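1. I'll drop the sequence and a predicted model, then ask my questions.
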Amino acid sequence: MEIEDDETYNLIKRHLLNSRGFDITGYSRSFFNRSIRKRAGRTGSKSGLDYVGRLRKDDAEVNELIASLSVNVTDFFRDSDAFTVLTSRVLRPLVEKKVQLGWSALRIWSAGCATGQETYSIAICVAEELKRVGTDSDIVVRIVGTDLSPSALDVARMGFYSAERVKGVNDALLSEYFREVDSGYQVVPLLKRMIRFSKGNLLDRPTRRFLDLIVCRNVIIYFSRPMHDKVIDNFHHALRPEGYLMLGRTETLMGPRRRLFEAVDHENRIFQKASVPVKSGF
Ligand SMILES: C[S@@+](CC[C@H](N)C(=O)[O-])C[C@H]1O[C@@H](n2cnc3c(N)ncnc32)[C@H](O)[C@@H]1O
């Protein structure tokens, strides 16, 4: 199947840009070709142009292609130190402040959550903090996990993972927050009650506001600079004053967006929304 020609590349590039603002310029061509070959094979397309036709009439396929270009790779407690720091510098102070002020809801967005491991990891850290302060019934935890990929979200909603996939979870947390079933592990209802998974494009203006924390790791690294800026602006809009933002270790804020946040932990890319734009970034 001829799929690696420039015409196919340019047509797909234009379609993704026009329909979703998704810019593939920054992707390596071989990675792009591999993804297209895979998706064309799955959809039974006979040629590159055939696949372009499919993309034009099937919105769900556009989602699948973007998701495969964006890579669904994820893990529980990915970069485990980052979750330790997230707990001590963000979740603990947030929970303590809520208890002190009598605020009832803790609102978190796990953006680009793939198959849910990141979202459940955050929920486990929150559950541990609630246990520590002993007020688990007083604070309502609302965590939303969003992604473009419907198939990734199906896995996330099920909350069932193979033994291989839960390797990043230590024994104590595994026995507390998972139930061993036939061939894998099922997350407990306590975590499921905290989380709602829904489909969403990070480029769309978020409807949710006044969030305490947004975690968006290993997603914007695949984005072009204009997309990157747009997503950061969306996060800034969705956070409450002094809300926190956590990116992946290889991602950061760029240009004028640096002034919108203050660094909390640079190594783990944790930032706090500045009440007034800060003079110099970090
Ligand atoms: C590499 S995974 C990262 C998963 C998780 N955040 C982590 O760090 O382990 C990237 C995820 O971002 C999602 N994604 C890519 N572009 C997106 C967009 N524009 N809107 C929402 N999700 C997107 C992909 O579908 C994929 O599941």
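-> Done, it's in.
2. residues of the helix or strand harbouring N234 that come out buried?
-> Assigned by DSSP states H and E, N234 falls within helix 225-238. Within helix 225-238, the residues that qualify as buried are 227-232, 234-236, 238, counting by 16 or more other Cβ atoms under 10 Å. C-beta coordinates here come from the backbone N, C-alpha and C atoms, glycine included.
3. Near the ligand, which residues of this structure are found?
-> Taking Cβ under 6 Å from any ligand atom as the contact definition, the chain meets the ligand at 66-67, 70-74, 78, 112-114, 118, 147-149, 152, 201-203, 217-219, 248.
4. please redo it, this time with the cut-off set to 5 Å
-> 67, 70-74, 78, 112, 114, 118, 147-149, 201-202, 217-219 (Cβ under 5 Å from any ligand atom).
5. now these: which count as buried?
-> Of the residues of the chain next to the ligand, these count as buried by 16+ other Cβ under 10 Å: 67, 70, 72, 74, 78, 112, 114, 118, 147-149, 202, 217-219.
6. min pLDDT across those, which one?
-> Note: of those, the lowest pLDDT belongs to S70, at 71.
7. who's in contact with that one?
-> 112, 148-149, 219, 222 (Cβ atoms under 8 Å, 6 or more residues apart in numbering).
8. residue ranges of the helices in the stretch 51-200 of the chain, please?
-> For the stretch 51-200 of the chain, the helices defined by DSSP state H, counting those that start in this stretch occupy 59-70, 80-86, 92-101, 117-133, 150-158, 171-177, 189-194.
9. closest to G243 out of the ones you listed?
-> helix 92-101 (9.3 Å; Cβ to Cβ).
10. Packing partners of that closest one?
-> Contact partners of helix 92-101 among helices and strands, from 3 or more Cβ pairs under 8 Å, 6 or more residues apart in numbering; DSSP states H and E: strand 105-111, helix 117-133.
11. circling back to that earlier point, can you tell me which of the helices of the stretch 51-200 of the chain is nearest to L49?
-> helix 59-70 (14.6 Å).
12. Excluding chain neighbours, give the residue nearest to V215 in space.
-> Residue nearest to V215 in three dimensions, not counting chain neighbours: M246, with 4.6 Å by Cβ to Cβ, 6 or more residues apart in numbering.
13. List phi and psi for that neighbour.
-> The phi/psi pair for M246 (degrees, to the nearest 10) reads phi -120, psi 130.
14. Give me the number of neighbouring residues for it.
-> Residues near M246, counting by other Cβ atoms under 10 Å, number 24.
15. Could you do K57 as well?
-> Using other Cβ under 10 Å, the number of residues around K57 comes to 7.
16. what about it, distance to the ligand?
-> Counting by Cβ to the nearest ligand atom, to the nearest Å, the gap from K57 to the ligand is 21 Å.
17. mind checking how far that residue is from H15?
-> Distance, K57 to H15, by Cβ to Cβ, to the nearest Å: 11 Å.
18. sorry, back to before: which members of the residues of the chain next to the ligand occur in strands, if any?
-> Under the assignment DSSP state E, those contribute D147 to strands.
19. before we move on, the earlier item: can you say which two of the contacts of S70 are spatially most distant?
-> Farthest apart among the contacts of S70 - using Cβ to Cβ - are S149 and Y222, which lie 13.1 Å from each other.
20. who are the neighbours in contact with the most centrally placed residue in the chain?
-> In the chain, the residue lying closest to the centroid (Cα atoms, centre = their mean) is G112, at 2.4 Å. The contact partners of G112, by Cβ under 8 Å, 6+ apart, come to 70, 146-148, 202, 216-219.
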